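Peer 1: Dropping the sequence and predicted coords here.
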Amino acid sequence: MPSLPPELKATFARFSAGPTLVRDAIEAIGPGELNRPGPGGWSIRDVLVHLSDTELVRAVRFRTILADDGPVLWVFDEELWKRRLHYLWRSPEAALSLFQQLRYTNAELLAQCDRQAWARTAVHPELGAITLADVLERGADHVDEHVAQIAELRAPRGG
């Protein structure tokens, strides 16, 4: 049975803890807080739906890197997705549930990877060559960034 390379254990733990971090960030959130946009025009609802959508993309990236040889990954415009996929009207509960399920399923898949799998590469149009391990790290960092954004959106605003 493959085992996680020691240098990836901390990143894998951060990645796996993502749903708990997000749930903690929105604990006891009021309905009025969900749709209040921040300085960049994104609300907490938008962030939650974005997390589920990007985890869906990340799930495909993990599988593409593992299954295909030398794949080229595609990118998406998060502002277009926010607008055209109607984030304003999407359920934050459903988004969080989907994010959690995808993240746990991704972690389950990745826990089976050996050192050679972690070194497999793909071409990202904006980043160049990236490894499976790079996608894992970017996924862990992505949640950390959005948990900080949620905390900022929840902070009292001066007037």
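Peer 2: Thanks, I have it. Numbers count the residues shown, from 1 in each chain.
Peer 1: all helices of this protein, in order?
Peer 2: Using DSSP state H, the helices of the chain run over residues 9-16, 18-25, 31-34, 44-67, 78-84, 92-110, 115-118, 132-154.
Peer 1: Go through those helices and pick out the most buried.
Peer 2: Among these, helix 44-67 has the highest mean neighbour count (mean count of other CB atoms under 10 Å), at a mean of 20. The C-beta positions use only the backbone N, C-alpha and C, and glycine is treated the same way.
Peer 1: What mean pLDDT does that helix get?
Peer 2: Across helix 44-67, the average pLDDT comes to 98.
Peer 1: and it, what does it pack onto?
Peer 2: Here helix 44-67 touches helix 31-34, helix 78-84, helix 92-110, strand 121-124, helix 132-154, going by 3 or more CB pairs under 8 Å, 6 or more residues apart in numbering; DSSP states H and E.
Peer 1: For residue 137, which residues are in contact?
Peer 2: Contact analysis of residue 137 by CB atoms under 8 Å, 6 or more residues apart in numbering lists residue 11.
Peer 1: confidence score at it?
Peer 2: If you check residue 137, the pLDDT there is 98.
Peer 1: What are the contacting residues of stretch 51-62?
Peer 2: 22, 73, 76, 78, 81, 85, 94-96, 98-99, 102-103, 105-106, 109-110, 122, 132, 135, 139, 142-143, 146.
Peer 1: And the worst-scoring helix or strand of the chain on mean pLDDT, how far out from the chain middle?
Peer 2: Least confident helix or strand, the chain: helix 31-34 with a mean of 88, by mean pLDDT, DSSP states H and E. Counting by CA atoms, centre = their mean, to the nearest Å, helix 31-34 is centred 22 Å from the centre of its parent chain.
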